[in-house]
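**Student:** After the sequence you'll find the predicted model.
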Amino acid sequence: MNEEDKNKVKEYSKKTPLYLSRRKFDINGILTEIKCSRCKEFKNISEFSKNKLQIDGLEHKCKKCKMIK
């Protein structure tokens, strides 16, 4: 899969209901909060580590939950 195809898939994925249900945006469309996949709480994006492999560049688990194994 070339880079152009990867970008198309990434953009499509950002529009799916599942992706949108786990994120909160401000009125300008900027990502402000994400729902942690472990504790199920919405938290500020600063509470998530970076991960280039994920669609939005952030981990699915917050830093606190990631430390708990």
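**Tutor:** Ah, there it is.

**Student:** Scan the protein for its longest helix.
**Tutor:** helix 3-13 (DSSP state H).

**Student:** Please state the offset of that one from the chain centre?
**Tutor:** Counting by CA atoms, centre = their mean, to the nearest Å, helix 3-13 is centred 15 Å from the centre of its parent chain.

**Student:** E59 and K52 touch, don't they?
**Tutor:** No - with contact defined as CB atoms under 8 Å, E59 does not count as touching K52 (10.7 Å). All C-beta spots, glycine's among them, are computed from the backbone N, C-alpha and C.

**Student:** which one of these two has more residues nearby?
**Tutor:** E59 (19 against 6; other CB atoms under 10 Å).

**Student:** any idea which element the more buried one lies in?
**Tutor:** Element membership for E59, per DSSP states H and E: strand 58-62.

**Student:** Residues in contact with the helix or strand just after that strand: which ones?
**Tutor:** As assigned by DSSP H and E, the chain's next helix or strand after strand 58-62 is helix 63-67. Here helix 63-67 makes contact (CB atoms under 8 Å, 6 or more residues apart in numbering) with C36, R38, C39, E47, F48, S49, E59.

**Student:** Measure how buried L58 is and give me the count.
**Tutor:** 19.

**Student:** That one contacts F48, correct?
**Tutor:** Yes - between L58 and F48 there is a contact under CB under 8 Å: 4.4 Å.

**Student:** what sits in contact with each of these two?
**Tutor:** In contact with both L58 and F48: I34, using CB under 8 Å, 6+ apart.
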